[in-house]
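Novice: Make a model of this:
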Amino acid sequence: MSDALIDSLTAAVAARPDDVALRLHLAELLAGAGRAGEAIGHAAQVLARDPGNEAARRVMAAALPGEAPAAPSRPGVDWDALESEFEGVVPPRFAPAGAGDDAFEVERAAVTLADVGGMDEVKQRLELAFLAPLRNPQLRTLFGKSLRGGLLLYGPPGCGKTFLARAVAGEIGAAFISLSIVDVLQMWIGSSERNLHDLFESARSHAPCVLFLDEIDALGHKRSQLSSSAMRTLVNQLLTELDGVGGGNEGVFVLAATNAPWDIDAALRRPGRLDRTVLVLPPDATARAAILEYHLRDRPVAGIDLRALAAATEHFSGADLAHVCETAAEFALRDAIATGEVRMISQQDMTAAVRDVRPSTDAWFATARSVVMFGNASGEYDDLAAYLRKRKLL
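Specialist: Next comes the predicted model:
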């Protein structure tokens with residue numbers, strides 16, 4: 001049998017893996033050429049798609065070493081025996097129990113709250129809600145303080161909500177699991193809900209654990225505004241998991257982040273779920289200086305006045321400040337390319353970059369202003385209203 005013909009058919013099967021007839025023909029040719037292992041692999045793939053295929057069973061029987069097994073009394077394949085016999089040649093049909101336990105990456109964060117510049121009020125809320133009770137088990141027992149619960153971080157984008165969640169886990173040496181909607185959603189009915197359940201089960205098995213739900217407004221949008229029944233079911237599943245039905249959430253602290261808290265389903269924010277809300281604002285002057293220093297520390301700089309730069313970047317988010325440093329580096333790189341002489345990043349570069357970069361938080365506060373003016377009857381955004389008044393935006 002020509003190896004060239006087998007190679008051509010192998011390429012054709014790779015291009016059309018679901019073509020049962022083509023794959024069966026290849027298996028027959030491989031068996032005739034004495035390449036039993038490859039023939040068995042392709043015959044097994046045919047039987048996986050068409051369990052009653054007699055021709056595939058004959059190829060499998062002919063390729064098996066020793067005596068050919070007697071034909072079964074009824075259509076079927078002893079998959080357990082075949083998987084044991086040809087482990088490594090034919091992949092298993094089903095993953096063994098427990099194989100999906102690590103479907104979600106469990107981290108051990110290296111940063112702590114000391115690495116977070118500013119945000120003193122946010123840190124105090126975290127200390128009272130989770131950190132202090134965890135460090136003081138006797139006082140926790142005395143006051144009946146549970147370690148379960150959730151905290152919703154909201155504010156303009158780029159202000160460090162994700163970094164803060166990671167720092168909480170690092171502060172206590174807890175496991176850290178981060179989840180976004182792309183990790184959950186699947187097209188098959190019920191698969192998204194199962195993914196969400198598996199996520200919470202993973203967090204429970206690694207307690208104490210900080211479970212971070214990024215962009216929670218996408219995962220837990222207001223059900224009254226959803227036209228998809230699948231998405232409404234997913235929100236219901238999230239509510240069930242937060243309640244810990246079927247498995248306690250003790251030791252699982254849920255941190256959620258959003259730029260649009262007004263789009264979150266109200267049921268998610270009732271007591272026992274995401275019952276505490278903290279506004280994460282753009283960094284203050286001290287934090288801005290620390291962020292700028294962090295992003296410049298591995299770059300060639302000279303004569304940088306961090307205090308002056310911090311004063312000139314009021315209302316800049318952490319992401320904006322990182323962009324300022326990147327822009328200043330581009331200015332110095334451009335000059336080096338033009339002149340052929342390498343120079344340091346200077347204060348002049350940084351000042352020019354500050355003029356070139358506009359704060360990205362302004363658009364968010366414009367939207368937030370409308371929410372505070374017309375949608376704050378319950379007072380849940382009073383802290384945001386106070387900040388807007390302080391900036392004379394309200």
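
Novice: So, low pLDDT: which residues of this protein?
Specialist: 1-2, 63-80, 82-104, 147-149, 244-247 (pLDDT under 70).

Novice: Centroid-nearest residue for it?
Specialist: Residue closest to the average C-alpha location in the chain (Cα atoms, centre = their mean): Leu179, at 3.3 Å.

Novice: What's opposite that one in the beta bridge?
Specialist: Leu213 (DSSP bridges).

Novice: what sits against it?
Specialist: Leu179 makes contacts with 104, 199, 211-214, as judged by Cβ atoms under 8 Å, 6 or more residues apart in numbering. Where C-beta positions appear, they are placed from N, C-alpha and C, glycine not excepted.

Novice: Narrow those residues to those that are buried.
Specialist: The neighbour-count criterion (16 or more other Cβ atoms under 10 Å) marks 104, 199, 211-214 among these as buried.

Novice: Kindly reformat those residues as CSV containing distance to Leu134.
Specialist: Formatted as CSV, the buried ones among the contacts of Leu179 follow (distance: Cβ to Cβ, whole Å):
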residue, distance to Leu134
Phe104, 22
Leu199, 21
Leu211, 15
Phe212, 17
Leu213, 20
Asp214, 23
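
Novice: Report the distance from the helix or strand where Glu241 lies to the chain centre.
Specialist: Applying DSSP states H and E as the criterion places Glu241 in helix 229-243. Put simply, helix 229-243 sits 18 Å off its chain's centre (Cα atoms, centre = their mean, to the nearest Å).

Novice: Also stretch 114-131?
Specialist: On Cα atoms, centre = their mean, the centre of stretch 114-131 falls 23 Å from the chain's centre.

Novice: Which one of the contacts of Leu179 is nearest to Lys123?
Specialist: Relative to Lys123, the closest of the contacts of Leu179 is Phe212; by Cβ to Cβ it sits at 16.4 Å.

Novice: So that closest one sits against Ser180, correct?
Specialist: No - contact criterion Cβ atoms under 8 Å: Phe212 and Ser180 do not qualify, at 9.3 Å.

Novice: Give me the domain ranges for the protein.
Specialist: 3-85, 107-279, 285-356, 361-390 (automatic domain parsing).

Novice: Between its first and last residues, how far does the last one reach?
Specialist: Distances were taken as Cα to Cα, to the nearest Å; on that basis the terminal residues of domain 361-390 are 16 Å apart.

Novice: just the second one next, same as before
Specialist: Length of domain 107-279, first residue to last, Cα to Cα: 26 Å.

Novice: what does the third one give?
Specialist: As for domain 285-356, its first-to-last residue distance stands at 20 Å under the measure Cα to Cα.

Novice: so how far is it from its chain's centroid?
Specialist: 30 Å.

Novice: what does the helix holding Glu241 contact?
Specialist: 150, 184-185, 189, 192-193, 196-197, 199-200, 219-221, 223, 226, 249, 254, 265, 267-268, 272-274.

Novice: Can I get the longest helix seen in the chain as PDB, trimmed to CA atoms?
Specialist: Looking across the chain with DSSP state H, the single longest helix is helix 318-339. Extracted C-alpha coordinates of helix 318-339, given in PDB (Å, rounded to 0.1, in the frame of the first residue of the first chain):
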ATOM      1  CA  GLY A 318      -4.300  54.500  37.700                       C
ATOM      2  CA  ALA A 319      -4.600  53.400  34.100                       C
ATOM      3  CA  ASP A 320      -4.300  57.000  32.900                       C
ATOM      4  CA  LEU A 321      -1.100  57.400  34.900                       C
ATOM      5  CA  ALA A 322       0.400  54.300  33.400                       C
ATOM      6  CA  HIS A 323      -0.500  55.700  30.000                       C
ATOM      7  CA  VAL A 324       1.300  59.000  30.900                       C
ATOM      8  CA  CYS A 325       4.500  57.000  31.700                       C
ATOM      9  CA  GLU A 326       4.200  55.100  28.500                       C
ATOM     10  CA  THR A 327       3.700  58.300  26.500                       C
ATOM     11  CA  ALA A 328       6.700  60.000  28.100                       C
ATOM     12  CA  ALA A 329       8.800  56.900  27.200                       C
ATOM     13  CA  GLU A 330       7.600  57.200  23.600                       C
ATOM     14  CA  PHE A 331       8.800  60.800  23.500                       C
ATOM     15  CA  ALA A 332      12.300  59.900  24.700                       C
ATOM     16  CA  LEU A 333      12.400  56.900  22.300                       C
ATOM     17  CA  ARG A 334      11.400  59.100  19.400                       C
ATOM     18  CA  ASP A 335      14.300  61.500  20.100                       C
ATOM     19  CA  ALA A 336      16.700  58.600  20.500                       C
ATOM     20  CA  ILE A 337      15.700  57.300  17.100                       C
ATOM     21  CA  ALA A 338      15.900  60.700  15.400                       C
ATOM     22  CA  THR A 339      19.300  61.700  16.900                       C
END
